[in-house]
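Asks: pasting a predicted model and its sequence here:
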Amino acid sequence: MSIICALSLWGCSEGLPTPTPPDTEQGEDNGDDNTGGDNTGDDNPGGDSGEDNKGDDDEGENNPDIVIVNGTEIDSATTLFGVVTDGQSGMGIENIVVSDGFVCVRTDSNGVYQIVRNPNATVVFITIPAEYQIPVDNGNHPNFYKRFTIAADEKFRHDFTLNLLPGGKESTFTLLTLADIQVNDNEDVARFRDETMPDIDALAPTLVNPYGVTLGDVTNKNASVMWTKVKGAMANRSMVFMQCMGNHDHLNEFSPNDHSKVTTFWKSVENFQKYFGPQNYSFDRSDTHIVVMDNALHGETPPDGTYEYAAGFFDWQVEWLKQDLSYVPKDKMVLLCCHIPFRDGTGGNHSDARYRQQVLDLLSEFEEAHLMIGHTHRNRNWIHTVNGKKIYEHIHGAVCGGMWHSITNVDGTPNGYGVYEIEGNTIKNWYYKGTNCSVDMQIRAYDGGQHYYDPRFSKNQPSKRHTFPDYTWGLDGYIIANIWNIEHGNWEVTLWQNGKRVCTMEKLNSRDWWVAYWYMEVYCTLNEGYRGDSVHLYKGKLADPNAPFTIRAIDKSGKRKTMTCTELTTDYSAVFGDFITQEEAAASTLSLPENEW
């Protein structure tokens, strides 16, 4: 059997913070990983019932220094090893990918893996094959990993057990993508628990083989108490939820105003792994390989210096990704789930200096590839063309919308999540599901001439913040459509009245004034990010201002379902969230940080 050595790659990365490994102790990590309110008491990630040990397994018949595990002799250089067995047969499973987060290996014919552990590794995990169930604990949290804190040269063994899916490998499944839950306090947790999760649970019975994955910023300040509560909100739900790190999951709760310390990166990784598992990992469903990676580089300053972190991958992460993908057949679909957008690599996006193009090149080698992204609190579909292949980047609206201050994101996308219907190695259809909204609600329509205000304020009251003199498009006789899950050029948007096509609606570069009013005047913020800028607005002139209308958005490829809307949004009767009275506004100095997300 080949042994792969997890060499330290830190020295070869310019600008990379020198890592400070976590404190080590002899033996395994005896901390309670199940702190999410599931009350399982099960600190045995991986779903197995065997014991971890430091190599004291079967000794060679004539040489006590030889360790043999399930028929495989463990190499003297190995520091991390174990066996992956089938829960039904008890036999070792061959070709299961196992990793310490730095290198990937495959189990041999006896189901045994061996790794020379990287000094910074504190977790071992498996890539769950498509034929097997995702191991879970008693709270229905993913349980495919094992944390440990031991000396760098200490041997550590952990065994995994996998159970076959009752119906065999799934031909179809549904992936739900939850970006930016971003709970900051108990009120945020309550809204996530009482709004988002029941909405998902109600939708789940209508879906085929549903699974969930978050897309970073699970918390707002990486506070342990919030990790515990948000994990509890996801316990014992209608599906298992895999997790992804975001920039806010990197903030150091012990030094919240000092993000320059190089220890911040590792402390936050350890905090995440304590509650949710590996920082970078993968799993398979059907003929789809799903990779989840952290692309917020806390401890590294971006070239323009405008953020407290850079966006991209460190050298060792790219090496891990290459090894992970090397075991994936090229006819599979690959979904790469990260937090920060790739887009064109400029500004705060995943930068070319940190492997943006190289990663896209890797993805282009597969039958189909998609990026699943969060971070912006806006919904947008971005299409890359790489080596002649289109790679979709799905940038999702946030579960929390505008930081739980309302029921919409700052571009008019409802608070919600993505839903992807997958068959084998292709996405057959996808849509954005607004929380507490019908599945069919994919468009919000406005009267282009309406002036927006809330009746809780006087219509003639000047703008409290004097942000804008008026909140209107000033387009009398026009319908404005906000269609958040659309790719421009790939769709035809038309306006109909009295059974006749009135016009093809034109793209409109503007703010969503309905949203802007709420955040600027009702929520009363000065933050530029809340001003309603939207890239998915359309306008069309009505033939008869008094006749009913229908907006139709049709995917020219025929791959996605047609979207329609027949009603105007005219007020804020369905909107709730933070609200400041007229008197409070006059004395308020409320202002949110410029880079709240």
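Replies: Okay, I see it.

Asks: for the helix ranked longest in the chain, packing partners?
Replies: Longest helix in the chain, counting residues (DSSP state H): helix 263-276. Under the contact criterion of 3 or more CB pairs under 8 Å, 6 or more residues apart in numbering; DSSP states H and E, helix 263-276 touches strand 145-147, helix 224-233, strand 296-298. Every residue, glycine included, has its C-beta placed from N, CA and C.

Asks: avg pLDDT for that helix?
Replies: Over the span of helix 263-276, the pLDDT mean works out to 82.

Asks: quick one, it and helix 224-233 angle?
Replies: Using axes from the mean of the first three to the mean of the last three CA atoms, to 10 degrees, the direction of helix 263-276 lies 30 degrees away from that of helix 224-233.

Asks: this protein - how does it break down into domains?
Replies: 1-169, 172-434, 444-587 (automatic domain parsing).

Asks: mean neighbour count for the ones you listed - can I get that in CSV?
Replies: Output for the domains of the chain, formatted as CSV (neighbours: other CB atoms under 10 Å):
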stretch, mean neighbour count
domain 1-169, 18
domain 172-434, 21
domain 444-587, 17
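
Asks: on that earlier part again, need the helices and strands packed on helix 263-276 in JSON lines (columns: distance to F549 and mean pLDDT).
Replies: As requested, those are exported to JSON lines (distance: least, CB to CB, whole Å; pLDDT from 0 to 100):
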{"stretch": "strand 145-147", "distance to F549": "53", "mean pLDDT": "97"}
{"stretch": "helix 224-233", "distance to F549": "40", "mean pLDDT": "90"}
{"stretch": "strand 296-298", "distance to F549": "44", "mean pLDDT": "86"}
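
Asks: out of these, flag the one nearest H350.
Replies: For the helices and strands packed on helix 263-276, proximity to H350 was assessed by CB to CB; strand 296-298 is nearest, at 9.6 Å.

Asks: adjacent strands (with direction) for the closest one?
Replies: When pairing is defined by DSSP bridges, strand 296-298 lines up against strand 309-311 (antiparallel).

Asks: could you list the residues in contact with the strand it pairs with?
Replies: With contact meaning CB atoms under 8 Å, 6 or more residues apart in numbering, strand 309-311 is reached by 247, 250, 259, 295-302, 340, 348-351, 354.

Asks: 6 Å instead, please
Replies: Applying CB atoms under 6 Å, 6 or more residues apart in numbering, the contact partners of strand 309-311 are N247, N295, A296, L297, H298, E300, P302, I340, H350, S351.

Asks: partners of the third one in the sheet?
Replies: In this case it means A296. Note on A296: beta-bridge partners A311, judged by DSSP bridges.

Asks: pretty sure it contacts H250?
Replies: Yes: between A296 and H250 there is a contact under CB atoms under 6 Å: 5.3 Å.

Asks: picking up where we left off before, what's the next secondary structure element after the longest helix of the chain?
Replies: strand 281-285 (DSSP states H and E).

Asks: off-centre distance for that next one?
Replies: The chain centre lies 14 Å from the centre of strand 281-285; the measure is CA atoms, centre = their mean, to the nearest Å.
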